[in-house]
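**Q** fold the stuff below for me.
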Amino acid sequence: MKHFLDIHQTDPADLRSIINDAAAMKAERIGRPRGAPDDDQPLKDHMVALIFEKPSTRTRVSFDVGVRQMGGQTMVLSGADMQLGHGETIADTARVLSRYVDLIMIRTFEEATLLEMAEYASVPVINGLTNRTHPCQIMADIMTFEEHSGPIKGKKVVWSGDGNNVFASFAHAAKSFDFELVFTGPPTLDPESALDGLYTTERDPNKAVEGADLVVTDTWVSMHDPQSARERRHNQLRGYQVNDALMAKAKPDALFMHCLPAHRDDEVTSSVMDGPRSVIFDEAENRLHAQKSIMRWCLDK
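**A** Residues are numbered from 1 along each chain as shown. Have a look, this model is predicted:
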């Protein structure tokens, strides 16, 4: 069973193959309408369950479109539809779904939910996001960087802000794809200790971005954070905003990424988001292609 649960749980050679296949599939679709099917239909007669305990725009649309382009069908289920773990156990839900569908993607809160789903499912399970990691996003980010700047091996990537779940997957990727990762942010929002050794820390963002090939940030607040928590985070992170002055200290051809949704002029200024070094919308599009490749890999297609 080939689950895609986290970057560090997948062989680096397989990760490289997924990226390369995603780039090839994207190239094959140049000039086609979005709804046009791929020439190859690896998911023909396949049903994919898309489970969302957390709301989503990019993850939902990109997986849904990707399955359809490859000839499959989707069943989109919300946390309210299923009430995962609140009635029927997650294990039993996994067993039942495995009798109906060929693949499960789940976007959930607790990593334990993902792991239990994968343990008891008899079909592949893909991590669409947990509170701890976001591997599909980083596969799209690696693909996007290499489209614009060539191989990421040996490059310097700087993360400015909160050491959150997206950063965690970047840290896993740094080891698997062999690039340098620097975290710059307040000590109160440091990444979890399990990631120690996968990145270096520089508290001064101006020093951190010197020589950077890529600067990345993410939203400072979650949609689930209460107002008091949002204010505290803004106070802690204000000095780590990605703006034109900060980008000027990176390499002249450095790229900027943000996984979106963004709070413009909080974690990043609109001038950077809309500027010539921003690749955020290529990054968003590449979720589609990277995830199609991940699904194919999971199903040996």
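**Q** quick one: average pLDDT of stretch 192-202?
**A** Averaged over stretch 192-202, pLDDT sits at 98.
**Q** as PDB, could you dump the C-alpha coordinates of that stretch?
**A** What follows is stretch 192-202, C-alpha atoms only, in PDB (Å, rounded to 0.1, in the frame of the first residue of the first chain):
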ATOM      1  CA  GLU A 192       8.500  21.900  16.800                       C
ATOM      2  CA  SER A 193      11.600  20.300  18.300                       C
ATOM      3  CA  ALA A 194      11.200  17.100  16.200                       C
ATOM      4  CA  LEU A 195      12.400  19.200  13.200                       C
ATOM      5  CA  ASP A 196      15.700  20.200  14.900                       C
ATOM      6  CA  GLY A 197      18.700  19.600  12.600                       C
ATOM      7  CA  LEU A 198      16.700  20.000   9.400                       C
ATOM      8  CA  TYR A 199      17.100  23.800   9.300                       C
ATOM      9  CA  THR A 200      19.100  26.700  10.800                       C
ATOM     10  CA  THR A 201      17.700  29.800  12.700                       C
ATOM     11  CA  GLU A 202      18.500  33.400  12.200                       C
END
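**Q** mind listing what's buried along stretch 55-75?
**A** 56, 58-60, 62-70, 72, 74 (16 or more other Cβ atoms under 10 Å). (C-beta placed from N, C-alpha, C; glycine too.)
**Q** list the contacts of it.
**A** Applying Cβ atoms under 8 Å, 6 or more residues apart in numbering, the contact partners of stretch 55-75 are 29, 34-38, 40-50, 52, 76, 100-102, 105, 107, 128-129, 136, 223, 259-261, 284, 287-289, 291-292, 295-296.
**Q** which among those count as buried?
**A** Applying 16+ other Cβ under 10 Å to the contacts of stretch 55-75, the neighbour count classes 29, 38, 43, 46-50, 52, 101-102, 105, 107, 128-129, 136, 259-260, 284, 287-289, 291-292, 295-296 as buried.
**Q** the residues you listed in strands, which ones?
**A** Secondary structure from DSSP state E places M47, V48, A49, L50, F52, M105, R107, G128, L129 of the buried ones among the contacts of stretch 55-75 in strands.
**Q** could I get those residues as JSON lines with distance to E119 and pLDDT?
**A** Converted to JSON lines, these look like this (distance: Cβ to Cβ, whole Å; pLDDT from 0 to 100):
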{"residue": "M47", "distance to E119": "21", "pLDDT": "98"}
{"residue": "V48", "distance to E119": "20", "pLDDT": "98"}
{"residue": "A49", "distance to E119": "16", "pLDDT": "98"}
{"residue": "L50", "distance to E119": "20", "pLDDT": "98"}
{"residue": "F52", "distance to E119": "21", "pLDDT": "95"}
{"residue": "M105", "distance to E119": "16", "pLDDT": "98"}
{"residue": "R107", "distance to E119": "18", "pLDDT": "97"}
{"residue": "G128", "distance to E119": "17", "pLDDT": "98"}
{"residue": "L129", "distance to E119": "19", "pLDDT": "97"}
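**Q** pick the one among the residues you listed closest to D178.
**A** L129 (24.7 Å; Cβ to Cβ).
**Q** what ranges does the stretch 51-200 of the chain have for its helices?
**A** 58-69, 79-82, 90-100, 111-120, 135-149, 165-177 (DSSP state H, counting those that start in this stretch).
**Q** to G185, which of those helices lies closest?
**A** Nearest of the helices of the stretch 51-200 of the chain (Cβ to Cβ): helix 165-177, 8.7 Å.
**Q** show me what that closest one is packed up against.
**A** If contacts are counted by 3 or more Cβ pairs under 8 Å, 6 or more residues apart in numbering; DSSP states H and E, helix 165-177 sits against helix 12-28, helix 135-149, strand 156-160, strand 180-184.
**Q** these into TSV, with extra columns for mean pLDDT and distance to V123?
**A** Shown next, in TSV, are the helices and strands packed on helix 165-177 (pLDDT from 0 to 100; distance: least, Cβ to Cβ, whole Å):
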stretch	mean pLDDT	distance to V123
helix 12-28	98	18
helix 135-149	98	17
strand 156-160	99	34
strand 180-184	98	33
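**Q** where does the stretch 201-301 of the chain dip in pLDDT?
**A** Scanning the stretch 201-301 of the chain with the threshold set as pLDDT under 70 gives 223-224.
**Q** in it, which spans are helices?
**A** Taking DSSP H, counting those that start in this stretch as the criterion, the stretch 201-301 of the chain carries its helices at 205-208, 227-237, 244-247, 270-273, 280-298.
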